[in-house]
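Student: Sharing a model that was predicted from the sequence below.
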Amino acid sequence: MSNSTSTPRIIAENAVSIPPRAKKSNYPEPFASRMQGREKRALGDFFGLTRFGVNLVTLAPGAESALLHRHSRQEECVYILDGHPTLVTDAGEFPLAPGMCAGFPPDGVAHQLVNRAARPAVYLEIGDRPPGDEASYPVDDLAAEQADDGRWRYRHKDGRPY
C-alpha cells in the first residue's frame with residue numbers, strides 16, 4: 001500500500017544537472033588549494049546512497065583528482081568517460097583514455113589522477129564507505145582517519161593535528 005502523503009523520491013536524473021560540491025576539498029591547507037580545477041558531482045549522495053559513493057568528476061587541464069593516497073579499507077574504481085588523464089601511482093604512471101578503468105583495493109598502490117592534457121577529463125569515481133577507514137599520503141606530510149560520523153580528520157604524520 002502506498003502512502004500518498006510521502007515525498008516522491010527522485011529515481012533518475014541527468015548527472016550534469018546535479019550541482020557540483022560547493023566545497024572543493026576536505027583537505028586542510030596547504031593541500032586544499034591543490035584541488036582547484038577539480039569539480040565533483042556527488043551522484044550517490046544525491047540519490048541517498050550510503051554504502052557506496054559515486055562521483056562524476058571533471059578535471060580541468062593541470063588539475064589533480066586528489067593527493068597521491070591509499071586507503072586502509074576503502075575500495076575505489078575510476079572509469080574514464082572523456083579526456084586523457086594520467087594515472088599517477090607509487091608504481092609508475094599510466095596514460096588513460098575514454099573507456100579505460102582502474103581499481104584500487106585497500107592497502108594497494110597509492111594513486112591519483114592528474115590531467116596533463118589540454119582539455120578537461122571526465123570520469124566516474126566509485127568507492128565503498130567502510131567504517132574506520134584511514135588514508136595515507138606517501139608524498140605529503142598528511143595522514144587521515146575517518147571519524148564515526150564519516151568526516152575525515154587530518155593530521156601531520158607525526159600526529160599533530162592540522
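Tutor: Arrived safely, thanks for sending. Source: prediction; values computed, not measured.
Student: Show the backbone phi and psi for residue 99.
Tutor: phi 90, psi -10 (degrees, to the nearest 10).
Student: Tell me the spacing between the closest residue to it other than its chain neighbours and residue 87.
Tutor: Spatial nearest neighbour of residue 99, excluding adjacent residues (CB to CB, 6 or more residues apart in numbering): residue 80 at 6.7 Å. Backbone N, C-alpha and C define where each C-beta goes, glycine included. Going from residue 80 to residue 87 by CB to CB, to the nearest Å gives 9 Å.
Student: Now do the shared contacts for those two.
Tutor: Common neighbours of residue 80 and residue 87, counting by CB atoms under 8 Å, 6 or more residues apart in numbering, are residue 96.
Student: on that earlier part again, the residue nearest to residue 99 is in what secondary structure piece?
Tutor: Assigned by DSSP states H and E, residue 80 belongs to strand 76-82.
Student: For that strand, name the packing helices and strands.
Tutor: The contact analysis (3 or more CB pairs under 8 Å, 6 or more residues apart in numbering; DSSP states H and E) places strand 76-82 against strand 101-104, strand 121-128.
Student: got those as a markdown table, with distance to residue 71, mean neighbour count and mean pLDDT columns?
Tutor: Output for the helices and strands packed on strand 76-82, formatted as a markdown table (distance: least, CB to CB, whole Å; neighbours: other CB atoms under 10 Å; pLDDT from 0 to 100):
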| stretch | distance to residue 71 | mean neighbour count | mean pLDDT |
| --- | --- | --- | --- |
| strand 101-104 | 8 | 16 | 98 |
| strand 121-128 | 8 | 20 | 98 |
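Student: out of the ones you listed, nearest to residue 9?
Tutor: Proximity of the helices and strands packed on strand 76-82 to residue 9 was assessed by CB to CB; the nearest stretch is strand 121-128, lying at 21.1 Å.
Student: hmm, who's touching the closest one?
Tutor: 40, 51-59, 65, 71, 74-85, 113, 115.
Student: Please check these and keep the buried ones.
Tutor: By neighbour count, with 16 or more other CB atoms under 10 Å, the contacts of strand 121-128 hold 40, 53-59, 65, 71, 74, 76, 78, 80, 83-85, 113, 115 as buried.
Student: Look up the residues forming beta bridges with the residue nearest in space to the middle of the chain.
Tutor: The structure's the chain has its C-alpha centroid closest to residue 125; by CA atoms, centre = their mean the separation is 6.0 Å. Counting by DSSP bridges, residue 125 is bridged to residue 55, residue 78.
Student: Report the separation between it and residue 63.
Tutor: 14 Å.
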